[in-house]
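Trainee: Need coordinates for the below:
(chains A, B, C and D)
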Protein chains: 2
Amino acid sequence: MDPSRTGMPTSRRKTAPGRTHLAASAAATPSAAVRGSPWRASRERVRDRQIKREAVIRAAAHAFNHKGYHNTSLDDIAAALEVSKPTVYYYVSNKEQLLFECFVAGIEPIRAAFRNARSQRAPARERLKTVLGHYGQAVASEFGWCMVRAEDQDLSPAMSAHIKSLKSEIDQGIRRLLREGAQDGSIHPCDPKMTAFALAGALNWIAHWYRENQSMTGAEIAAAFISVFENGLKPRAAAPAGRRAAQRTTHRLER
Amino acid sequence: MDPSRTGMPTSRRKTAPGRTHLAASAAATPSAAVRGSPWRASRERVRDRQIKREAVIRAAAHAFNHKGYHNTSLDDIAAALEVSKPTVYYYVSNKEQLLFECFVAGIEPIRAAFRNARSQRAPARERLKTVLGHYGQAVASEFGWCMVRAEDQDLSPAMSAHIKSLKSEIDQGIRRLLREGAQDGSIHPCDPKMTAFALAGALNWIAHWYRENQSMTGAEIAAAFISVFENGLKPRAAAPAGRRAAQRTTHRLER
DNA sequence: TATGGATCATACTCATTAGTAGCTATCCTA
DNA sequence: TAGGATAGCTACTAATGAGTATGATCCATA
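Mentor: Predicted structure coming up:
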């Protein structure tokens, strides 16, 4: 195979800035302040390395999102930032790492949601709903595509292993909630493994169509999906009459 | 952009053999007879162009499946067949077309399942179950990866449009069954669009993990998923006591 | 047995792109 | 204000891989 893909990127620069949890800041700051190139306009904050680094990663996410990882060259990313390619390499050690950072930025809010859920006392189904809501929003975010599509085959073994372990953490978290729900009676007994696959798969797939159809927000999509998961296809006998009727007439209108 | 990607591949060869529905034959013949290179062993059927062409496509599917589209060169495919690259080009006009053929081979059995379903008289939920079963098996097949991952971004506009229309046909078919189910009372009232997205997404995602975890057959996975979809997460009050109890003890064992 | 088509290989072209070498400019600090 | 660190650019290398030009070989048929 390719010798350059046999390990972690050799961080050639002595200054290896700690990884930044882009996701957190992305959630905090509205996208407007973040868009665009900080080089152009802001001479006054030229020295804020962190912001520039984040801009690089965000530009990469945007490009990957639109053209795919393989169809995006680092020249493209540099051009989007109105910068030269070596400048990009000044902030990031290689293309693979760009993808990795995007992945981490995408998955971090989901991990946060799990940490949150663990401290709650609600029934498991409620906690699962909350987590899946955040999951759906993460997939619909600007990093969702990278998170979902970061492939084994494009990554060095070390990165691949790292990503796999993060994914597995999420998977196990969902399974755990499903088991807890079966115990506390809030979730219909099910095979936790296959159910977790189904739930995560459905949500992951959002990344594939969301770009082309942004008529709903991430939160709305997540809510709609959760409603599907909760009710199931089989009709439910004992639903409260009022709500059932409203739902039925509403959905009669959809095509 | 790239000028070579602005249209359908110019089929330079005068002999353009009609597209072959690999999927059908794949379903009919067990994989054993199909694996390997027909060049090597069988000097006696050297002139059977169709079989060789299918072998090329199957080899491509296999390679794409394992290494991804972009990480597979046509030299790789040629090498797998113990043939030179121009030989591959003798059977197929370019790499993009290879991906397209794999896509069609993957999606064809699903279309067939829909055609079948249309002629049945069962309740919509039953027909949907059957279709989804075939869907799941198709995604778990050797062409599943190509079917699911054939991306817009890697295809010429014409191919992209063609694939999109095939995908849309499937999507509309699912929505239609959901609407029919809401009408005949066999399916819980739902938003057909979002529900179809959720169902298809969950099943599509199988392609991402099935390669690494082939402990179940495609049919078994599909059955497990369908059970999840049908029941939903919310506990069901009126389940037959015997089956409920059995299911609960069974799944207590899973981790 | 000559001929033309079908099949396949050798050996290229050419474009793309990840990543780098080496130079320059700016700014902060002592 | 000298000197080092920071930040950036131009111009390269080197590898890869899609697709092709050209010609050899085999076989059926006239």
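Trainee: Tell me where the model's unsure across the stretch 151-255 of chain A.
Mentor: A:238-255 (pLDDT under 70).
Trainee: One more: the stretch 1-150 of chain A?
Mentor: Residue ranges of the stretch 1-150 of chain A with pLDDT under 70: A:1-47.
Trainee: close enough to count as contact, residue A:185 and residue B:236?
Mentor: No - distance between residue A:185 and residue B:236: 11.8 Å, which falls outside the contact criterion (Cβ atoms under 8 Å). Every residue, glycine included, has its C-beta placed from N, CA and C.
Trainee: Relative to residue A:164, how far out is residue A:193?
Mentor: 16 Å (Cβ to Cβ, to the nearest Å).
Trainee: tell me the domain boundaries of chain A?
Mentor: Per automatic domain parsing, the structural domains of chain A span A:14-95, A:106-229.
Trainee: closest to chain B out of those?
Mentor: domain A:106-229 (2.7 Å; Cβ to the nearest Cβ).
Trainee: higher neighbour count, residue A:193 and residue A:164?
Mentor: Higher neighbour count among residue A:193 and residue A:164: residue A:193, with 17 against 13, using other Cβ atoms under 10 Å in any protein chain shown.
Trainee: right, and that one touches residue A:176 too?
Mentor: No - using Cβ under 8 Å, residue A:193 is not in contact with residue A:176; the gap is 11.5 Å.
Trainee: buried ones in stretch A:150-164?
Mentor: Buried residues in stretch A:150-164, counting neighbours by 16 or more other Cβ atoms under 10 Å in any protein chain shown, are found at A:150, A:151, A:152, A:154, A:155, A:156, A:159, A:160, A:162, A:163.
Trainee: Save those as CSV, and put in secondary structure too.
Mentor: Output for those, formatted as CSV (DSSP: H, G, I helix; E, B strand; the rest coil):
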residue, secondary structure
A:150, coil
A:151, coil
A:152, helix
A:154, helix
A:155, coil
A:156, coil
A:159, helix
A:160, helix
A:162, helix
A:163, helix
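Trainee: Is it possible to get CSV of the residues you listed that adds distance to residue B:228?
Mentor: CSV is the format used below for those (distance: Cβ to Cβ, whole Å):
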residue, distance to residue B:228
A:150, 26
A:151, 26
A:152, 26
A:154, 30
A:155, 30
A:156, 35
A:159, 32
A:160, 29
A:162, 30
A:163, 26
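Trainee: Nearest to DNA strand C among those?
Mentor: residue A:156 (9.5 Å; Cβ to the nearest atom of the strand).
Trainee: Dihedrals phi and psi, that closest one?
Mentor: Here is the backbone geometry of residue A:156 (degrees, to the nearest 10): phi -70, psi 160.
Trainee: Help me confirm that it comes into contact with residue A:96.
Mentor: Yes - Residue A:156 lies in contact with residue A:96 (Cβ under 8 Å); the separation is 6.3 Å.
Trainee: What ranges does chain A have for its strands?
Mentor: Counting by DSSP state E, chain A has no strands to list.
Trainee: which residues in the stretch 1-150 of chain A form helices?
Mentor: For the stretch 1-150 of chain A, the helices defined by DSSP state H, counting those that start in this stretch cover A:22-28, A:31-34, A:38-41, A:49-67, A:74-80, A:85-91, A:95-118, A:124-140, A:144-149.
Trainee: Convert the fourth one to PDB, retaining C-alpha atoms only.
Mentor: Put plainly, it is helix A:49-67. Coordinates of the C-alpha atoms in helix A:49-67 are reproduced here as PDB (Å, rounded to 0.1, in the frame of the first residue of the first chain):
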ATOM      1  CA  ARG A  49      -4.100  31.400  15.400                       C
ATOM      2  CA  GLN A  50      -7.000  29.400  16.900                       C
ATOM      3  CA  ILE A  51      -9.600  31.200  14.900                       C
ATOM      4  CA  LYS A  52      -7.800  30.700  11.700                       C
ATOM      5  CA  ARG A  53      -7.300  27.100  12.400                       C
ATOM      6  CA  GLU A  54     -11.000  26.700  13.000                       C
ATOM      7  CA  ALA A  55     -11.700  28.600   9.800                       C
ATOM      8  CA  VAL A  56      -9.600  26.100   7.900                       C
ATOM      9  CA  ILE A  57     -11.400  23.200   9.300                       C
ATOM     10  CA  ARG A  58     -14.800  24.800   8.700                       C
ATOM     11  CA  ALA A  59     -13.800  25.500   5.100                       C
ATOM     12  CA  ALA A  60     -12.700  21.900   4.700                       C
ATOM     13  CA  ALA A  61     -16.000  20.700   6.100                       C
ATOM     14  CA  HIS A  62     -17.900  22.900   3.700                       C
ATOM     15  CA  ALA A  63     -15.900  21.800   0.700                       C
ATOM     16  CA  PHE A  64     -16.100  18.100   1.700                       C
ATOM     17  CA  ASN A  65     -19.800  18.500   2.200                       C
ATOM     18  CA  HIS A  66     -20.300  19.900  -1.300                       C
ATOM     19  CA  LYS A  67     -17.800  18.100  -3.400                       C
END
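Trainee: and the angle from that helix to helix A:95-118?
Mentor: Per axes from the mean of the first three to the mean of the last three Cα atoms, to 10 degrees, the angle that helix A:49-67 makes with helix A:95-118 is 100 degrees.
Trainee: packing partners for helix A:49-67?
Mentor: If contacts are counted by 3 or more Cβ pairs under 8 Å, 6 or more residues apart in numbering or on different chains; DSSP states H and E, helix A:49-67 sits against helix A:22-28, helix A:31-34, helix A:38-41, helix A:74-80, helix A:85-91, helix A:95-118, helix A:144-149.
Trainee: Spell out which parts of the stretch 1-150 of chain A neighbour chain B.
Mentor: A:66, A:67, A:68, A:70, A:71, A:125, A:128 (Cβ under 8 Å from any Cβ of the partner chain).
Trainee: do that again at 10 Å, thanks
Mentor: Contact residues (Cβ under 10 Å from any Cβ of the partner chain) of the stretch 1-150 of chain A with chain B: A:1-2, A:64-72, A:124-125, A:128-129, A:132, A:139, A:148-149.
Trainee: thinking again about what came up before, any idea which of the helices and strands packed on helix A:49-67 is most buried?
Mentor: Comparing those by mean neighbour count (mean count of other Cβ atoms under 10 Å in any protein chain shown), helix A:144-149 comes out on top with a mean of 25.
Trainee: how about that helix, does it reach DNA strand C?
Mentor: No - using Cβ under 7 Å from any atom of the strand, we find that helix A:144-149 stays clear of DNA strand C, coming within 15.0 Å at best.
Trainee: So which other helices or strands are in contact with that helix?
Mentor: Packing contacts for helix A:144-149, counted by 3 or more Cβ pairs under 10 Å, 6 or more residues apart in numbering or on different chains; DSSP states H and E, involve helix A:49-67, helix A:95-118, helix A:124-140, helix A:157-184, helix A:192-204, helix A:206-210.
Trainee: Apply 7 Å and report the result again.
Mentor: helix A:49-67, helix A:95-118, helix A:124-140, helix A:206-210 (3 or more Cβ pairs under 7 Å, 6 or more residues apart in numbering or on different chains; DSSP states H and E).
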